[in-house]
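>>> structure for the following, please:
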Amino acid sequence: MSDCLIIGGGVIGMMSARALVLSGVKVTLLDQGVCGQESSWAGGGIISPLYPWKYDDLTNELSLASQAVYEQLCAQILEDTGLDPEYLKSGLLMMDEYDSNVASAWLMRYGLDYQTHEKGGLFTNIAQVRNPRLIKALKADILSKGVKIVENTQVESLLLSHDKVRGVNTSQQAYLSDHVVVCSGAWSSQWLDLKEEIFPMKGQMIVLKSKPGVVEHIMLDQGRYIIPRQDGRILVGSTMQNVGFDRTTDPQTQQSLQTFAVQRFPDLKRAVIEHHWSGFRPASKSGKVMLGRHAEFDNVYLNTGHFRNGLNMAPESAKRITQLITHET
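Numbers count the residues shown, from 1 in each chain. As a prediction, the model looks like this:
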């Protein structure tokens, strides 16, 4: 029996497991597949909301607090595991909306600013991680710290006894625990009753093989982004499709993403498309994250519904869940 069961092994679940085990909590993490292979793997790794003034206060609080610790966190994980998440403060060049009245008011409120660039506004402090490498390192890190990981195990329901949650029922067996933390992203509503439904919002992305230096900063325009990796690869994304759990990709979207990149960086015209994939963001009608106790059960906690911002909110989301469970201030 564990002190705490975490359901879902994406970046939210693994960050939560790390924070809890560092606080002395005995943690078991369950994942329906392999840890970190869903939206945490599929995203771009930008440590910021794309247009932060479009989000609510909680999203911005979680994002800004997480941004403040990410560099040190990645350095610590590298030191502990030898695996490099490739944290890089590449800056974000925003080509639209940065100088709107709403954006200006938001920047003034939070005491932030940008540099004027010939193509838009350059937010120099925005960083990225190579998210597939981050989740690989994070998994190794929590295993070394004592978290028990059980993969390929589908949670089917809460395990109730006299109206008290004692754990969860899974496709394999029952797991007992004093606390349950739901971090199952787009799948959260499939096995748990929530006040607001969480549903999958598919996004498609491509990666281009290029050379270092062709693209210097993360670039954002019209809701899409171009992300340069240190080895010269370029990520281009992302679409928004409310089509359920449909993983298919299509050549029209691939061409659209490639054209978007080439129009802004003509040198990418000869870059080869190495990969084209899709992922499922955990979306809700309100667009708000679910972070806190379940409305019905005192020992069930929600850390889900982060939509496009799971990675950039993960450290602070994990910290707050840990504070609730361990009764920290």
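
>>> can we go C-alpha only for contacts and neighbour counts from here?
OK.

>>> ranges for the strands of the stretch 101-250 of the chain?
115-117, 120-123, 148-150, 155-161, 164-170, 174-182, 199-209, 218-221, 224-228, 234-237 (DSSP state E, counting those that start in this stretch).

>>> for Gln172, what are its contacts?
153-154 (Cα atoms under 8 Å, 6 or more residues apart in numbering).

>>> where does it land on pLDDT?
The pLDDT attached to Gln172 in the predicted structure is 88.

>>> from Leu158, how far out is it?
Distance of Gln172 to Leu158, computed by Cα to Cα, to the nearest Å: 14 Å.

>>> Thr28 and Glu151 touch, don't they?
No. Using Cα atoms under 8 Å, Thr28 makes no contact with Glu151, being 10.7 Å away.

>>> ok, those two, which is more surrounded?
More crowded of Thr28 and Glu151, by other Cα atoms under 10 Å: Thr28, with 23 against 15.

>>> so the more buried one: helix, strand or coil?
strand (DSSP: H, G, I helix; E, B strand; the rest coil).

>>> make 878 the first number, not 1, from now on.
Happy to do that; since the first residue is 878 now, the last one works out to Thr905.

>>> mind checking which of the strands of the stretch 978-1127 of the chain is nearest Val898?
The closest of the strands of the stretch 978-1127 of the chain to Val898 is strand 1025-1027. By Cα to Cα, the value is 10.4 Å.

>>> residues in contact with that closest one?
By Cα under 8 Å, 6+ apart, strand 1025-1027 touches 904-908, 1020.

>>> and those, which two are the farthest apart?
Farthest pair in those (Cα to Cα) is Asp908 and Leu1020. Separation: 14.2 Å.

>>> next secondary structure after the lengthiest helix in the chain?
Longest helix in the chain, counting residues (DSSP state H): helix 934-958. Where DSSP states H and E defines the elements, the next helix or strand beyond helix 934-958 is strand 969-971.

>>> for stretch 1088-1095, buried residues please.
Buried residues in stretch 1088-1095, counted by 16 or more other Cα atoms under 10 Å: 1088, 1092-1095.

>>> now stretch 1100-1115
Using 16+ other Cα under 10 Å as the test for burial, stretch 1100-1115 gives 1101-1107, 1109-1115.

>>> now those in a markdown table, with distance to Asn1008 and pLDDT?
Converted to a markdown table, the buried residues of stretch 1100-1115 look like this (distance: Cα to Cα, whole Å; pLDDT from 0 to 100):
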| residue | distance to Asn1008 | pLDDT |
| --- | --- | --- |
| Arg1101 | 18 | 97 |
| Tyr1102 | 15 | 98 |
| Ile1103 | 15 | 98 |
| Ile1104 | 12 | 98 |
| Pro1105 | 13 | 98 |
| Arg1106 | 11 | 97 |
| Gln1107 | 13 | 95 |
| Gly1109 | 16 | 96 |
| Arg1110 | 14 | 97 |
| Ile1111 | 14 | 98 |
| Leu1112 | 12 | 98 |
| Val1113 | 14 | 98 |
| Gly1114 | 14 | 95 |
| Ser1115 | 15 | 93 |
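
>>> before we move on, the earlier item: among the buried residues of stretch 1088-1095, show me the least confident.
Ranking the buried residues of stretch 1088-1095 by pLDDT, Lys1088 lands last with 93.

>>> for it, which non-adjacent residue is spatially closest?
Spatial nearest neighbour of Lys1088, chain neighbours left out: Gly1109 (4.2 Å); criterion: Cα to Cα, 6 or more residues apart in numbering.

>>> and the gap between that neighbour and Pro1089?
Using Cα to Cα, Gly1109 is found at 4 Å from Pro1089.

>>> low-confidence ranges in the stretch 928-1077 of the chain?
Nowhere does the stretch 928-1077 of the chain drop to pLDDT under 70.

>>> circling back: closest to Phe1142 among the buried residues of stretch 1100-1115?
Nearest to Phe1142 among the buried residues of stretch 1100-1115, counting by Cα to Cα, is Ile1103 at 9.7 Å.

>>> which residues touch that closest one?
Taking Cα under 8 Å, 6+ apart, one finds 1095-1097, 1111-1114, 1138 in contact with Ile1103.

>>> what number of residues lie near the closest residue in space to Glu948 that isn't next to it in sequence?
Using Cα to Cα, 6+ apart and skipping the chain neighbours, the partner closest in space to Glu948 is Tyr964 (6.5 Å). Neighbour count for Tyr964, taken as other Cα under 10 Å: 23.
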